[in-house]
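Visitor: Curious how this folds, go ahead:
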Amino acid sequence: MLNVTLYFQKDNPDCIQIKKDLTELQSQFPHRLVEVDIDSDELLKAKYNKVVPILEAGPFTLKGAVTKQKLQMTLGAASDRKNQLEKLEDPVYKMRIEKGKTVTTGDKISFWISKKYLLILNLFMLFYVGLPLLAPTLMWLGAEAPANAIYRMYKPLCHQFAFRSFFLFGEQPYYPLAEANVANTKTFEEVSGITNLDDPYSTSRFEARNYIGNENVGYKVALCERDVAIYLAILGFGIVFGLTGRKVKTLHWLAWILLGIAPIGLDGFSQLLSQFEWDWLSAIIPYRESTPFLRALTGALFGLFTAWFAYPNIEESMNETRQYYIKKFAVNNNQVSE
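Guide: Numbering: from 1, shown residues only. Just a heads-up that it's a prediction; the model follows:
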């Protein structure tokens with residue numbers, strides 16, 4: 001039997017009329033009517049509020065008030081297509097029909113994720129950036145074992161150079177290299193006693209990576225300055241995105257490249273390339289060490305504009321997933337009730 005899905009709204013005269021017409025056409029075009037009340041889901045209400053009724057029959061869709069003749073033509077075309085596919089024994093069609101007959105645990109989990117994805121992402125970001133901030137707090141409280149566990153956990157995920165990381169509970173929030181030329185700030189070489197850090201090949205950098213801090217200097221955050229800024233910006237946008245009803249439109253890809261990728265790429269790669277001891281390259285790019293401000297700024301820009309580009313697209317994809325499962329569950333419930 002042909003499945004016909006009707007997205008409707010109670011007391012809508014056009015919806016009432018199309019239901020009446022479908023009942024009259026039942027004998028001519030046998031079908032199973034699946035009714036979905038758009039008021040039962042905020043997504044459907046926002047999407048279809050001004051265009052109901054919406055009728056789907058196979059690949060055909062009718063929107064708004066339609067004549068009985070047009071409805072008859074649509075049901076006829078959908079029925080003919082269904083009969084042809086059954087005669088041809090199309091394997092894709094058969095698989096789709098069988099898949100739609102049952103609701104699996106995977107379906108329920110996917111539907112739940114499609115509704116709660118933003119909460120999941122925000123909690124993940126909070127956890128991911130929160131643990132690195134917890135590490136120096138634990139060190140300050142004297143809980144070294146769990147703090148060191150966090151540092152080890154994040155070591156494969158970040159370079160953790162102390163001279164490119166924030167510090168908590170100390171004299172300064174950061175201790176850059178002398179080459180960064182940050183005024184009125186103690187350098188990392190001064191407070192740690194570790195030298196020869198301007199050479200990217202120096203073993204001193206391993207010492208700087210393992211340096212956590214002390215009571216005077218403070219304790220290092222387990223992620224570098226740039227990473228902290230990236231993930232805090234993503235978390236911040238995620239919270240704002242949720243509070244605004246997830247209605248923010250996606251950022252244009254060109255704006256994402258110019259405002260998000262270009263600054264962090266320019267700051268990061270100009271620093272990286274300038275520190276290789278290649279004469280021909282040194283003549284083009286003089287040695288430079290980025291500052292904490294530039295690391296945080298470019299990281300925050302990258303995180304903000306990446307989230308702005310990605311989250312609305314994820315929302316659109318999740319909306320389509322939710323609509324698919326709402327329809328599937330309605331069809332399945334209709335079959336069970338029969």
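
Visitor: Give the residue spans of the stretch 1-150 of the chain that score low on pLDDT.
Guide: Applying pLDDT under 70 to the stretch 1-150 of the chain flags residues 93, 96-101.

Visitor: Could I get the buried residue list for the helix or strand where residue 77 lies?
Guide: Secondary structure from DSSP states H and E places residue 77 in helix 68-88. In terms of neighbour count (16 or more other C-beta atoms under 10 Å), helix 68-88 has its buried residues at 71, 74-75, 78-79, 81-82, 85. For glycine as for every other residue, the C-beta is placed from the backbone atoms N, C-alpha and C.

Visitor: what does stretch 194-209 rub up against?
Guide: The contact list for stretch 194-209 (C-beta atoms under 8 Å, 6 or more residues apart in numbering) reads 155, 159-163, 177, 179, 188-189, 192, 211, 275-277, 287, 289.

Visitor: ok, of those, which come out buried?
Guide: The buried subset of those (16+ other C-beta under 10 Å) comprises 160-163, 177, 179, 188-189, 192, 211, 275, 289.

Visitor: and these, which of them are in helices?
Guide: Counting by DSSP state H, the buried ones among the contacts of stretch 194-209 place 188-189, 192 in helices.

Visitor: For these, give me JSON lines that also has pLDDT and distance to residue 223.
Guide: Shown next, in JSON lines, are these (pLDDT from 0 to 100; distance: C-beta to C-beta, whole Å):
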{"residue": "188", "pLDDT": "96", "distance to residue 223": "17"}
{"residue": "189", "pLDDT": "95", "distance to residue 223": "22"}
{"residue": "192", "pLDDT": "95", "distance to residue 223": "19"}
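
Visitor: would you turn those residues into TSV with distance to residue 51?
Guide: Below are these laid out as TSV (distance: C-beta to C-beta, whole Å):
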residue	distance to residue 51
188	62
189	67
192	65
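
Visitor: Tell me the one among the residues you listed nearest to residue 173.
Guide: When those are ranked by distance to residue 173 (C-beta to C-beta), residue 188 comes first, at 12.8 Å.

Visitor: and the gap between the closest one and residue 159?
Guide: Residue 188 sits 14 Å away from residue 159, going by C-beta to C-beta, to the nearest Å.
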